[in-house]
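Asker: just the structure for this:
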Amino acid sequence: MKQKHLLSLKDYSRADIEEIFDLARKMKSRPGDYRKALEGKTLAMIFQKPSTRTRVSFEVGMYQLGGHALFLGADAIQLNRGETVPDTAKVLSRFVDGIMARVFAHQDITDLARHATVPVINGLSDLLHPCQALAAYFTLLERRGSLDGLKIAYVGDGNNVCHELMFGAVKLGVAMSVASPAGYEPNQLIVKSAAREAQKGRTPAPEVMSGPREAVKGADVVYTDVWTSMGQEEESEARNAAFEGFIVDQALMSEAKPDAVFMHCLPAHRGEEVAAEVMDGPQSIVFDEAESRLHVQKALMTLLMGQPQT
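Answerer: This is a model prediction of the structure:
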């Protein structure tokens, strides 16, 4: 893989993503073969936002690869006291072999990558969430054996997860429909960018619509996320009102294919964006998706930070 960083799947080719998936499959089935893949390597993990899955999957992943993960909370480093992102990137590059950051502003990720001399991984920004999209598509690939002919319907807030699922879809040839209430649609610049990438790769461009049932009709996958993300807590009441009718319940799932699956990046709020009957029902593969974070990120870190073993 020729990529130096992972800021977004927009920057990756289908071959790049498939290389990650191929190594992730090997690491999942034969973890012992890769216990020294990143021996002696250190990953700095910057967290401006709290996390369960991102922190645990990267930290455990580095341990399983023979390396070390260094947790750097917002209150534990000088970024919180005014040190610039470029200076932080330059300093950390003298000490560690890679940087993973979970941030608010996407500009912080791009600035880290611009000034670091080691690989930078976007663990989440307010704009994009590539690691989550990788986990989602890897989970579907394992389940189906192929992504050919797949249709994914995203219902809810047009947020960072939605944006990155769109980039993943156009890179992998997956059809995608998005249903969001007025005022909460995905970023139009991202939609246009994904459409341009689709045109280049001759793959389906994502469709954005207002009706959940229209979006879900005939889908293989129904995906949602929380209506109120971190940093938006003051908007919670207004968002809950705006998203009325966008809950993924059994009635909505019945519009998809009979064998359709339900996905969610977690944490989930039962009774808000998803009904408990769906979240905990037989169509839900949310915990398979959560586990996939570990496998795809181990593969990604190995490809970016070390020499993968075969």
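Asker: and the nearest residue in space to G67 that is not next to it in sequence, how many neighbours does it have?
Answerer: Ranked by CB to CB, 6 or more residues apart in numbering and with sequence neighbours excluded, the top spatial neighbour of G67 is L38, at 3.6 Å. Bear in mind the C-beta positions are built from the backbone N, C-alpha and C, glycine included. For L38, the tally of surrounding residues (other CB atoms under 10 Å) stands at 27.
Asker: strands along this protein, start to end?
Answerer: In the chain, the segments counted as strands under DSSP state E are 42-47, 68-73, 98-102, 120-124, 151-155, 175-179, 207-209, 221-224, 261-264.
Asker: the fourth one vs strand 98-102, what angle?
Answerer: To tie it back to what came earlier, the one meant is strand 120-124. 20 degrees (axes from the mean of the first three to the mean of the last three CA atoms, to 10 degrees).
Asker: also the fifth one?
Answerer: Direction vectors for strand 151-155 and strand 98-102, defined by the same axes, to 10 degrees, enclose an angle of 50 degrees.
Asker: quick one: the helices in the protein?
Answerer: Applying DSSP state H to the chain gives helices spanning 14-29, 53-64, 85-93, 106-115, 130-144, 160-172, 188-201, 212-216, 236-242, 250-253, 276-279, 286-305.
Asker: domains of the protein?
Answerer: 9-128+293-305, 130-289 (automatic domain parsing).
Asker: dump those domains to a markdown table, plus mean pLDDT and distance to M1.
Answerer: Below are the domains of the chain laid out as a markdown table (pLDDT from 0 to 100; distance: least, CB to CB, whole Å):
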| stretch | mean pLDDT | distance to M1 |
| --- | --- | --- |
| domain 9-128+293-305 | 96 | 5 |
| domain 130-289 | 96 | 13 |
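Asker: among these, which comes closest to Q3?
Answerer: Closest of those to Q3 is domain 9-128+293-305, at 6.0 Å (criterion: CB to CB).
Asker: ok, so what distance separates the most centrally placed residue in the chain from A37?
Answerer: Most central residue of the chain, judged by C-alpha distance to the mean C-alpha position with CA atoms, centre = their mean, is Q132 at 1.9 Å. Q132 sits at a distance of 23 Å from A37 (criterion: CB to CB, to the nearest Å).
Asker: again, but for R25
Answerer: Separation of R25 from A37 (CB to CB) stands at 15 Å.
Asker: quick one, which of the two is more surrounded?
Answerer: A37 (23 against 16).
Asker: my read: that one touches G306, true?
Answerer: Yes: look at A37 against G306 with CB atoms under 8 Å: they come within range, at 5.5 Å.
Asker: pull up the overlap in contacts between the two.
Answerer: Each of L65 lies in contact with both A37 and G306 under the rule CB atoms under 8 Å, 6 or more residues apart in numbering.
Asker: ok, back up a step: turn the helices of the chain into TSV, including distance to C265.
Answerer: Converted to TSV, those look like this (distance: least, CB to CB, whole Å):
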stretch	distance to C265
helix 14-29	17
helix 53-64	8
helix 85-93	25
helix 106-115	17
helix 130-144	5
helix 160-172	5
helix 188-201	17
helix 212-216	18
helix 236-242	17
helix 250-253	18
helix 276-279	13
helix 286-305	7
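Asker: and the closest residue to L304 other than its chain neighbours, what does it touch?
Answerer: Leaving aside its sequence neighbours, L304 sits nearest to P119 (CB to CB, 6+ apart; 4.0 Å). Counting by CB under 8 Å, 6+ apart, P119 makes contact with 4-6, 97-99, 304-305.
Asker: please list only the buried members of the residues you listed.
Answerer: Neighbour-count burial (16 or more other CB atoms under 10 Å) is assigned, among the contacts of P119, to 5-6, 97-99, 304-305.
Asker: which one of these is nearest to A195?
Answerer: Distances from A195 to the buried ones among the contacts of P119, taken as CB to CB, are shortest for L6 (22.1 Å).
Asker: picking up where we left off before, burial check on the residue lying closest to the residue nearest to the centre of the chain once chain neighbours are set aside, number of neighbours?
Answerer: The shortest distance from Q132 to any non-neighbouring residue, by CB to CB, 6+ apart, is to C265 (4.9 Å). The criterion is other CB under 10 Å. On that basis, C265 has 26 neighbouring residues.
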